[in-house]
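Undergrad: Task: produce atomic coordinates for the following.
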Amino acid sequence: MLKAAEVKRKDVLSQNIFAVTKGLESAITTEHYSRYDGLLQRLDPRVKLATFAVLTAAVSFTESLAVLAVMLILVPLPGILSGIRPGFLLKRILLFIPVFTAVIAIPALFITKGDPLLSVGGHTIVTVQGAKTAAFLVLRVTDSLSLGALLVLTTPWTKLLATFRWFRIPSLFVSILSMTYRYIFVLLHTVNNMFLARKSRTPGTLTAKENRKWLGHTLAATMVKSLHISEQVYSAMLSRGYRDDRLTITRFKLHHRDLLWLLFASTVLTLSVWTG
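TA: So this is what the prediction gives:
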């Protein structure tokens, strides 16, 4: 694997090779966490999915900023008890989506009418209602993302898909989700190999125009290859007896810890709804 210190030449090929490789490393690390013997990993996947879905719904409907703030503090604790490094979890939660949501929420500070919170020269710049609207949006997205990240990080993908089918989610949706997840890695490896092959055959540094031209051809070739792979995989599945459903050997069984987690989640849900 390439490290940041090793990528000294600031050309497009090196940067893209490094980005694709880091994406593969991140995916592998995520699967590794789901195999830990931690708090959430021991729970029945059905219990986790149901409780996380209900808590996400509670986050979406609560009208209390205090509840959302407390949830933001409490949600990472089960992840820490499950062996997930706090830095890794915070990077997953806070790196992109909440920041992007904050950018979307910024206009609400200035266009929402209400009581003045910040005034300049006698003109209201930010209103109390606008600040509350922006805070609700950012906290709700961050809390929901935290719950989703914990579910994915602590549940093996095969068990998560089997849980979807147990809850009678349409098999077509589950199959598409399964194939998308699986062949993302195939395409990442393909793109990585293309970048490495080009890099090994390029004695010097390409110009910006040459890089753009080559990247355009690479994107087009990758799209064509992905379509070709999808057709081949589907034909292979049909020839092996695929009938729009997935077979799984996963057998679920409830334990005392699952009932305790249900009690804990129900208590949190009741308190959040009552307080909100």
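Undergrad: Every contact and neighbour count from this point should use C-alpha atoms.
TA: OK.
Undergrad: Run through who's touching stretch 77-92.
TA: Residues outside stretch 77-92 that contact it (CA atoms under 8 Å, 6 or more residues apart in numbering): Tyr33, Tyr36, Asp37, Gly38, Leu39, Leu40, Gln41, Pro76, Ala149, Leu150, Thr154.
Undergrad: mind listing what the fifth one touches?
TA: Under the criterion of CA under 8 Å, 6+ apart, the neighbours of Leu39 are Pro78, Leu81, Ser82.
Undergrad: Mark which of the residues you listed are buried, thanks.
TA: Neighbour counting over these (16 or more other CA atoms under 10 Å) leaves Ser82 as the buried ones.
Undergrad: between the contacts of Leu39, which is nearest Ser119?
TA: Nearest to Ser119 among the contacts of Leu39, counting by CA to CA, is Pro78 at 42.0 Å.
Undergrad: Could I get the average pLDDT for the one helix or strand the closest one maps to?
TA: Here Pro78, judged by DSSP states H and E, is contained in helix 76-81. On average, the pLDDT along helix 76-81 is 88.
Undergrad: Run a quick neighbour tally on Phe185.
TA: Phe185 sits with 15 neighbouring residues when counted by other CA atoms under 10 Å.
Undergrad: Same question for Met71.
TA: Counted by other CA under 10 Å, the residues lying close to Met71 total 22.
Undergrad: and which of the contacts of Leu39 is nearest Lys253?
TA: For these, the closest approach to Lys253 (CA to CA) belongs to Ser82, at 19.9 Å.
Undergrad: Not counting sequence-adjacent ones, nearest residue to the closest one?
TA: Beyond its immediate neighbours in the sequence, the residue positioned closest to Ser82 (CA to CA, 6 or more residues apart in numbering) is Gly38, lying 3.9 Å away.
Undergrad: quick revisit: the helix holding Pro78: what's the following helix or strand?
TA: Using DSSP H and E, the helix or strand that follows helix 76-81 towards the C-terminus is helix 86-94.
Undergrad: among the contacts of stretch 77-92, who's most crowded?
TA: Most neighbours among these, by other CA under 10 Å: Thr154, with 29 neighbours.
Undergrad: before we move on, back to that, save the contacts of Leu39 as TSV, and put in distance to Val59 too.
TA: What follows is the contacts of Leu39, written out as TSV (distance: CA to CA, whole Å):
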residue	distance to Val59
Pro78	17
Leu81	22
Ser82	22
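Undergrad: so Phe136 makes contact with Val67?
TA: No. Under the criterion of CA atoms under 8 Å, Phe136 makes no contact with Val67, lying 10.5 Å away.
Undergrad: Does Ser119 fall in a helix, a strand, or a coil region?
TA: Assigned with DSSP: H, G, I helix; E, B strand; the rest coil, Ser119 falls in the strand class.
Undergrad: isn't Thr163 right up against Arg46?
TA: Yes. Thr163 is in contact with Arg46 according to CA under 8 Å; the separation is 5.7 Å.
Undergrad: shared neighbours of those two, which are they?
TA: Common neighbours of Thr163 and Arg46 (criterion: CA under 8 Å, 6+ apart): none identified.
Undergrad: Just give me the neighbour total for Val47.
TA: Around Val47 sit 17 other residues, with neighbours defined as other CA under 10 Å.
Undergrad: ok, it - contacts?
TA: Counting by CA under 8 Å, 6+ apart, Val47 has contacts Asp258, Leu262.
Undergrad: Give me the three-state assignment for it.
TA: helix.
Undergrad: Quickly note the distance from it to Leu145.
TA: Using CA to CA, to the nearest Å, Val47 is found at 18 Å from Leu145.
Undergrad: swap in Leu139?
TA: 10 Å.
Undergrad: Please say which of these two ends up with more neighbours.
TA: More neighbours surround Leu139 than the other of Leu139 and Leu145, with 22 against 18 (other CA under 10 Å).
Undergrad: got a list of what that one touches?
TA: Leu65, Leu68, Ala69, Leu72.
Undergrad: does Thr127 have beta-bridge partners, and which?
TA: Applying DSSP bridges to Thr127 yields these beta-bridge partners: Pro116.
Undergrad: Could you check how many residues crowd around it?
TA: Counted with other CA under 10 Å, Thr127 comes out at 21.
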